[in-house]
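Participant: what would the 3D arrangement of this be:
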Amino acid sequence: MKHALRPYALLTGLLLLAGCASAPVAPSAPVSQPAEVATPAPAPAPVAPLVTAPVATPTPAVSAPASAGIIGSWEGKWTIESMGYEGKTVVVIEQVNGNAVSGRATMFDTPYGDLTEDFAPATFDGSKLNVKHANNASYVLTLSEKDGKPRLVGPLVYITDAGTYNGTIRVSKK
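Facilitator: Numbering: from 1, shown residues only. This next block holds a predicted model:
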């Protein structure tokens, strides 16, 4: 029986040694009051999502409102200074589709009488209206403002059998 206890004794000895090898532990103080029960911390308040204002982007020089702003009736004057000709003009812009413009112009009191011609073709790039007519009249009018009113002003070229007439068109929106 001596040999049967040996493995048990050896195991017990190793366990005792292992317990002695651990770090010393301070004796605990006697408990005089019941231990406090920990209460869970209140849940944090929900955080509102971060809201940011939209970032303003620069407005391009050519904008839809500028194009839409030229639609309508424009009235004013045409002149060919070198010949002393002048008269009333009415430019009617009916539609702007992209940069294509549809409409017509009437020039009153020309040497050839009152002339009404459809645009054939016309374009608008946000600042300049470029118009050609089937009767060889053409003009490039720049959009600007005078006295708080939008206006279109620019050179007029009218090519006829009698020669080429160079003049000016000035119209304001009505």
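Participant: and stretch 111-121, what's buried?
Facilitator: The neighbour-count check on stretch 111-121 (16 or more other CB atoms under 10 Å) flags 115, 117, 119 as buried. Every residue, glycine included, has its C-beta placed from N, CA and C.
Participant: using CSV, list the CA coordinates for that stretch.
Facilitator: The C-alpha trace of stretch 111-121 is given here as CSV (Å, rounded to 0.1, in the frame of the first residue of the first chain):
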residue,chain,number,x,y,z
PRO,A,111,-36.2,101.3,-96.8
TYR,A,112,-38.1,98.1,-97.8
GLY,A,113,-41.1,98.7,-95.6
ASP,A,114,-41.9,96.9,-92.4
LEU,A,115,-40.2,93.6,-92.2
THR,A,116,-41.2,90.7,-90.0
GLU,A,117,-38.9,87.7,-90.0
ASP,A,118,-38.7,84.5,-88.0
PHE,A,119,-35.3,83.6,-86.4
ALA,A,120,-33.5,81.2,-88.8
PRO,A,121,-31.7,80.2,-86.5
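Participant: can you show me the helices along the protein?
Facilitator: With helices called from DSSP state H, the chain shows them at 2-21, 64-69.
Participant: pick out the shakiest of those, pLDDT-wise.
Facilitator: In terms of average pLDDT, helix 2-21 trails the rest of the helices of the chain, at a mean of 50.
Participant: relative to residue 106, which of the buried residues of stretch 111-121 is nearest.
Facilitator: Distances from residue 106 to the buried residues of stretch 111-121, taken as CB to CB, are shortest for residue 115 (6.9 Å).
Participant: the closest one contacts residue 109, doesn't it?
Facilitator: No - the criterion here is CB atoms under 8 Å, and residue 115 misses it with residue 109 at 9.8 Å.
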